[in-house]
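Trainee: okay, here's the prediction I keep looking at, along with the sequence it came from:
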Amino acid sequence: QVQLVESGGGLVQAGGSLRLSCAASGGIFSSYVMGWFRQAPGKEREFVNAISWSGDRVNYADSVRGRFTISRDNAKNTVYLQMNSLKPEDTAVYYCAAARLRFGASQGLYDYWGRGTQVTVSS
């Protein structure tokens with residue numbers, strides 16, 4: 001059983017930056033694809049980005065490409081989400097997730113989920 005704990009959320013002005021972290025425990029971190037998802041008020045949870053087991057592949061939603069960067073440190077069992085040029089529409093609860101078998105954007109691929117961290121971007 002893998003436990004995922006997100007941190008780093010908060011309130012930021014539009015145009016600002018935040019860095020989210022997700023610490024994993026209870027499993028072999030390097031054996032999981034890691035992804036970030038977000039859910040805005042009144043909306044369904046959506047894919048943000050994902051990174052492969054070794055970090056050699058990444059995938060981004062069009063809405064964040066060029067502004068957000070996902071990375072991982074397998075020695076620290078941690079995945080990061082660097083968010084730059086934040087917009088009010090980025091306001092959401094951000095979740096990290098772990099997938100054992102496949103690399104991709106579908107939520108159904110992910111086996112374990114964190115509880116989320118709130119990101120609020122003011123205009």
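Mentor: Good, I have the coordinates. Numbers count the residues shown, from 1 in each chain.
Trainee: got the buried residues for stretch 45-58?
Mentor: Under the neighbour-count criterion of 16 or more other CB atoms under 10 Å, stretch 45-58 has Arg45, Phe47, Val48, Asn49, Ala50, Ile51, Ser52, Trp53 buried. Placement of C-beta: from N, CA and C, glycine included.
Trainee: one more: stretch 91-106?
Mentor: Per 16+ other CB under 10 Å, stretch 91-106 contains these buried residues: Thr91, Ala92, Val93, Tyr94, Tyr95, Cys96, Ala97, Ala98, Ala99, Phe103, Ala105.
Trainee: what's the farthest-apart pair in the residues you listed?
Mentor: Spatially, the most separated pair among the buried residues of stretch 91-106 is Thr91 and Phe103, at 27.5 Å (CB to CB).
Trainee: hang on, the earlier thing: from the buried residues of stretch 91-106, which land in strands?
Mentor: Ala92, Val93, Tyr94, Tyr95, Cys96, Ala97, Ala98, Ala99 (DSSP state E).
Trainee: the second one against Gly114, yeah?
Mentor: No: taking CB atoms under 8 Å as the definition, Val93 is not a contact partner of Gly114, at 10.1 Å.
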